[in-house]
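In: Sequence plus the predicted model coming up.
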Amino acid sequence: MDLEAYRTCSSLAKTPPRSYQQSCSSHFVDYIDRDLSYSRFFRKYLLPNRPCMFSRTFTRDWTCTRRWVTEEGRPDFQNLLQDFDETSVPVANCNSKENNSNPKQLMTFKEFVQYWKDFIQNGHSSPRGCLYLKDWHMARDFPEHGVYSTPLFFSSDWLNEYWDTLEVDDYRFVYMGPKGSWTPFHADVFRSYSWSANICGRKKWLLFPPGQEDFLRDAHGNLPYDVTSGELKDRGLFPHAEEACQPLEIIQEAGEIIFVPSGWHHQVYNLEDTISINHNWLNGCNLDLMWKFLQSELLSVQKEIDEWRDTMESWHQHCQVIMKACSGIDYAEFASFLKIIADSRMAFLSACCSGEPAEYSRPHSEALAALGPYHAAFDLQRVADIIERLLCNEDFKRLDHSALQPDALLQQIQDCIQSTRGQHLLFQD
């Protein structure tokens with residue numbers, strides 16, 4: 001990030017996101033098939049929360065585009081079996097519905113490939129239903145393979161940085177599915193961004209900008225499983241569905257990467273036998289949307305168990321437990337997440353000021369170096385802004401956060417930014 005982008009983005013990040021009508025006046029998305037600076041991507045797509053598509057130019061050098069794909073552009077089952085054979089993988093059944101998603105089972109990769117071959121030979125049908133290998137943590141399970149690299153545009157990835165630091169989990173996935181497999185209507189975890197690269201095959205995306213999903217809720221407030229279902233025409237079941245805008249319908253070709261912005265609900269179909277790589281990620285641009293989502297999740301829990309508020313001494317703590325079970329995170333872990341991100345940026349800026357060489361033990365350290373000190377300063381400012389909101393939040397105040405000391409962290413961040421400014425590392429023309 002350069003100085004101009006830093007100054008622009010620091011001010012824009014504090015303004016409310018533009019509405020869909022203001023930011024997208026047509027049912028087309030920008031197609032990027034040439035060099036694009038990171039600063040321009042940051043200003044034009046990340047901050048405004050606008051989708052776009054990258055051409056196959058950005059994936060053509062990946063090992064998986066050669067090793068996992070035949071010359072005819074189909075999945076190379078032979079090479080895939082050599083790499084993964086007896087690996088256990090999660091497989092969903094697209095013909096079954098369970099809590100507005102598809103139930104999953106574990107099977108060996110070899111078993112799934114055999115099913116896939118039989119499915120193709122049987123005219124893309126099977127008595128077992130349409131099975132879809134999805135949410136497979138291939139990069140975590142096989143770090144030595146290195147079959148792809150994260151484009152610089154998506155490298156400011158706090159979500160995976162946090163989980164990599166804890167060495168517990170990640171949000172990097174591989175999807176493999178036959179023609180006809182699909183993913184029901186949803187928004188991504190914590191209202192994160194996602195990027196998805198087709199290694200082979202084609203997908204159709206139906207995307208709704210933030211807020212439109214509320215028109216699609218049924219009479220009980222539940223989101224639809226399938227936004228193409230004829231049930232949505234029943235005004236008794238879906239009273240406001242006619243008020244929703246038409247979705248952005250995007251066809252993604254082999255090799256292309258789609259950027260799905262924060263909070264955009266979507267439904268996805270595999271039009272051919274398809275392999276794709278997907279990351280969920282977030283950073284300073286959509287951190288406030290994550291915080292808004294967490295507050296909404298807690299409010300939902302509080303409403304569900306409100307009748308026990310006066311009879312449970314630890315009611316607020318219990319709400320946090322339920323919230324974490326439902327959404328995967330609570331306020332305490334959110335504060336811990338902010339601390340880990342802030343600590344790494346402060347260490348990076350301190351090294352820049354002292355002239356010490358940075359240690360690149362993790363890809364995130366390399367990303368910080370590539371994005372530069374202005375980006376690190378922007379990150380710190382965004383963390384500081386959310387910490388200030390946390391400290392004013394009544395639900396957060398009721399929790400024991402003495403171990404995290406967010407007020408002390410906020411002061412550290414402010415001191416760090418002031419120090420780097422004083423040493424003329426930042427804000428020079």
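Out: Received the coordinates, thanks. Numbering: from 1, shown residues only.

In: does residue 124 really touch residue 180, like I thought?
Out: Yes. Counting by C-beta atoms under 8 Å, residue 124 touches residue 180, with 5.6 Å between them. To be clear about C-beta, it is placed using only N, CA and C from the backbone, and glycine gets the same treatment.

In: Show me which of the two is the more surrounded one.
Out: residue 180 (17 against 14; other C-beta atoms under 10 Å).

In: I figured that one was touching residue 273, is that so?
Out: No. Judged on C-beta under 8 Å, residue 180 makes no contact with residue 273 at a distance of 9.5 Å.

In: mind checking pLDDT for residue 332?
Out: Predicted confidence (pLDDT) for residue 332: 95.

In: neighbours of it, just the number please.
Out: By other C-beta under 10 Å, the burial measure for residue 332, its neighbour count, is 17.

In: now do residue 291
Out: Counted with other C-beta under 10 Å, residue 291 comes out at 20.

In: what does residue 78 give?
Out: 9.

In: tell me which element it is part of?
Out: Assigned by DSSP states H and E, residue 78 belongs to helix 77-84.

In: What values do phi and psi take at the residue nearest the centre of the chain?
Out: Centroid check for the chain by C-alpha atoms, centre = their mean gives residue 280 as the closest residue, at 2.4 Å. Residue 280 adopts backbone torsions of phi -90, psi 140, taken as degrees, to the nearest 10.

In: So residue 213 sits against residue 265, correct?
Out: Yes. Contact criterion C-beta under 8 Å: residue 213 and residue 265 qualify, at 4.5 Å.

In: what about the strands in the stretch 301-429 of the chain?
Out: Secondary structure of the stretch 301-429 of the chain (DSSP state E, counting those that start in this stretch): no strands present.

In: low-scoring stretches of it, by residue?
Out: 355-363, 422-429 (pLDDT under 70).

In: how about the nearest residue to residue 195, chain neighbours excluded?
Out: Among residues not flanking residue 195 along the chain, residue 154 sits closest, at 5.0 Å (C-beta to C-beta, 6 or more residues apart in numbering).

In: Tell me how many other residues surround the one you found.
Out: So residue 154, with other C-beta under 10 Å, has 19 neighbours.

In: Read off the pLDDT value for it.
Out: 97.

In: What distance do you get for it to residue 281?
Out: Distance, residue 154 to residue 281, by C-beta to C-beta, to the nearest Å: 6 Å.

In: got any residues that touch both of the two?
Out: 193, 195 (C-beta atoms under 8 Å, 6 or more residues apart in numbering).

In: from what I can see residue 154 touches residue 279, true?
Out: Yes. Assessed by C-beta under 8 Å, residue 154 is found in contact with residue 279 at 6.5 Å.

In: which residues of the stretch 251-400 of the chain fall in helices?
Out: 287-304, 315-327, 331-354, 363-371, 373-392, 394-397 (DSSP state H, counting those that start in this stretch).

In: And the fifth one, what's buried?
Out: So the one you mean is helix 373-392. Neighbour-count burial for helix 373-392 flags 373-387, 390 (criterion: 16 or more other C-beta atoms under 10 Å).

In: ok, now the last one?
Out: Buried residues in helix 394-397, counting neighbours by 16+ other C-beta under 10 Å, are found at 395-396.

In: name the helices or strands packed onto that helix?
Out: helix 331-354 (3 or more C-beta pairs under 8 Å, 6 or more residues apart in numbering; DSSP states H and E).

In: CA-only coordinates of the helix it packs on in CSV, if you can.
Out: What follows is helix 331-354, C-alpha atoms only, in CSV (Å, rounded to 0.1, in the frame of the first residue of the first chain):
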residue,chain,number,x,y,z
TYR,A,331,-16.4,-12.0,22.4
ALA,A,332,-13.4,-13.2,24.4
GLU,A,333,-11.9,-15.0,21.4
PHE,A,334,-12.7,-12.0,19.2
ALA,A,335,-10.6,-9.8,21.5
SER,A,336,-7.8,-12.4,21.4
PHE,A,337,-8.0,-12.4,17.6
LEU,A,338,-7.6,-8.6,17.6
LYS,A,339,-4.6,-8.9,20.0
ILE,A,340,-2.7,-11.4,17.8
ILE,A,341,-3.2,-9.3,14.7
ALA,A,342,-2.2,-6.1,16.5
ASP,A,343,0.9,-7.7,18.1
SER,A,344,2.3,-8.9,14.7
ARG,A,345,1.8,-5.4,13.1
MET,A,346,3.4,-3.6,16.0
ALA,A,347,6.4,-6.0,15.9
PHE,A,348,6.6,-5.5,12.1
LEU,A,349,6.6,-1.7,12.4
SER,A,350,9.1,-1.8,15.3
ALA,A,351,11.5,-3.9,13.1
CYS,A,352,11.0,-1.3,10.3
CYS,A,353,11.9,1.5,12.6
SER,A,354,15.0,-0.1,13.9
